[in-house]
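Fold the following and give me the result.
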Amino acid sequence: MNASLNRHDDIMEHLAFAIIIFFLSILFSMIGLGGAIVYVPLFYWSGFDLLSAIPMGLLLNSTTTASAALTYLRKGLVQLSLAIPFLIVSMIAAPVGAYCSHLIPVDILLGIFSLIMIVIGTHMLLPENFFFPGKVNKEQKASFSLILIGGSVVGFAGGLLGIGGGSLVMPLLIYLGYAVKNAAATSGLIVLFTSFAGLVGHLSSWKPDIQLVIYITIAAFLGAQVGSYLMHKRMQPETLRKMVGLVLWFMALRMITGLF
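Predicted structure coming up:
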């Protein structure tokens, strides 16, 4: 009897996670972020240790961005000439970050995570051209050195903290002059590969709950299909930017207070 009750409780818990992930993936797929910047603290606060929450976040990042990429590639929104060299470099750096995550104390990782969330949240809340005045909508040419540095930083951060790096790629692409929708679509494709590379680096030490993984992976895929459709057809990117900024600020403050 107790076993059946426990199984029922597990299923309900997995369904609850799946519903949350479904709606989060709708939101983050629309702005080219896989969502791990929220997924990781979500699982951490739910009782998972950080080194288990990170690969779960990377898995969902991979699923969300892969699903959204199917739509964005069909619509011609992805800038492949930039994305391909960028993601090659970042995939090389991601396993290095994943390895380093096992060497750094958890509190330090959480502190870094919180600061990144605050910076990204601030960027999302401010006008699109606040940090880079005069650059938006003026095409710039991405140099090889910029791709090399940007890809390395994004890949390392993705592996270290369990974030795909879309929150770092988006400002860079906006700086280079890409429209918000093109930047979001291109960022999403890059995040797909950096997340997968980071996930591979964590697989050796991850002991997942397979049933939970199945539930949340399906939810992330379906949510990203809905989100990518809405982004292409209906949604105002600026509205989404502000929504995500508020969520990131709230979660960062919540995480910082938990460190003291």
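
and Ser101, how many neighbours?
21 (other Cβ atoms under 10 Å). (Glycine included, C-beta is placed from N, CA and C.)

surely it meets Phe156?
No - using Cβ atoms under 8 Å, Ser101 is not in contact with Phe156, being 10.2 Å away.

where's the longest helix along the chain relative to the chain centroid, distance-wise?
Counting residues, the longest helix in the chain under DSSP state H turns out to be helix 2-29. Offset of helix 2-29 from its chain centre (Cα atoms, centre = their mean, to the nearest Å): 20 Å.

just checking, what packs against that helix?
helix 36-45, helix 50-74, helix 210-233, helix 237-258 (3 or more Cβ pairs under 8 Å, 6 or more residues apart in numbering; DSSP states H and E).

from memory Ser62 sits against Val200, does it?
No - the pair Ser62 / Val200 is not scored as a contact, 10.1 Å apart, by Cβ under 8 Å.

Neighbour count for those two, which is higher?
Taking neighbours as other Cβ under 10 Å, Ser62 and Val200 compare with Ser62 leading, 24 against 16.

What pLDDT does the model give the more buried one?
On pLDDT, Ser62 comes in at 84.

From Leu199, how far out is it?
For Ser62, the distance to Leu199 (Cβ to Cβ, to the nearest Å) stands at 6 Å.

Could you measure from Gly76 over to Ala185?
9 Å.

Compare neighbour counts for the two and give me the winner.
Using other Cβ under 10 Å as the criterion, Gly76 and Ala185 rank with Ala185 on top: 27 against 10.

Can you tell me the element the more buried one falls in?
Per DSSP states H and E, Ala185 falls inside helix 180-202.

from the middle of its chain, how far away would that helix be?
On Cα atoms, centre = their mean, the centre of helix 180-202 falls 8 Å from that of its chain.

do the same with stretch 83-93
16 Å.

ok, Ser46 - contacts?
Phe17 (Cβ atoms under 8 Å, 6 or more residues apart in numbering).

Next: Ser25.
Taking Cβ under 8 Å, 6+ apart as the test, what Ser25 contacts is Gly35, Leu60, Thr63, Thr64, Ser67, Ala219, Ala220, Phe221, Leu222, Gly223, Ala224, Gly227.

before we move on, what about Ile104?
Applying Cβ under 8 Å, 6+ apart, the residues near Ile104 are Leu160.

What is the three-state secondary structure of it?
coil (DSSP: H, G, I helix; E, B strand; the rest coil).

Any idea which helix or strand in the chain has the lowest mean pLDDT?
helix 166-175 (a mean of 69; mean pLDDT, DSSP states H and E).

now the helix holding Ala185 and helix 50-74, what's the angle there?
140 degrees (axes from the mean of the first three to the mean of the last three Cα atoms, to 10 degrees).

Is Tyr229 in contact with Thr71, as I believe?
Yes - in this structure, Tyr229 is within contact of Thr71 by Cβ under 8 Å, at 6.4 Å.

Now for Ala183, how many residues are close by?
26.

What sits closest to it if chain neighbours are left out?
Using Cβ to Cβ, 6 or more residues apart in numbering and skipping residues adjacent in sequence, the residue nearest Ala183 is Leu173, 3.8 Å away.

who are the neighbours in contact with that neighbour?
Contacts of Leu173 (Cβ under 8 Å, 6+ apart): Gln79, Leu82, Asn182, Ala183, Thr186, Ser187.

From Leu230, how far off is it?
Taken as Cβ to Cβ, the span from Leu173 to Leu230 is 20 Å.

try Ala183
From Ala183 to Leu230 the distance is 17 Å (Cβ to Cβ).

ok, now Thr71?
10 Å.

who's more crowded, the two?
Neighbours per residue (other Cβ under 10 Å) separate Thr71 from Leu230, with Thr71 holding more: 19 against 15.

Need the pLDDT of that one.
Looking at Thr71, its pLDDT reads 79.

is it true that it touches Gln225?
Yes - Thr71 lies in contact with Gln225 (Cβ under 8 Å); the separation is 7.1 Å.
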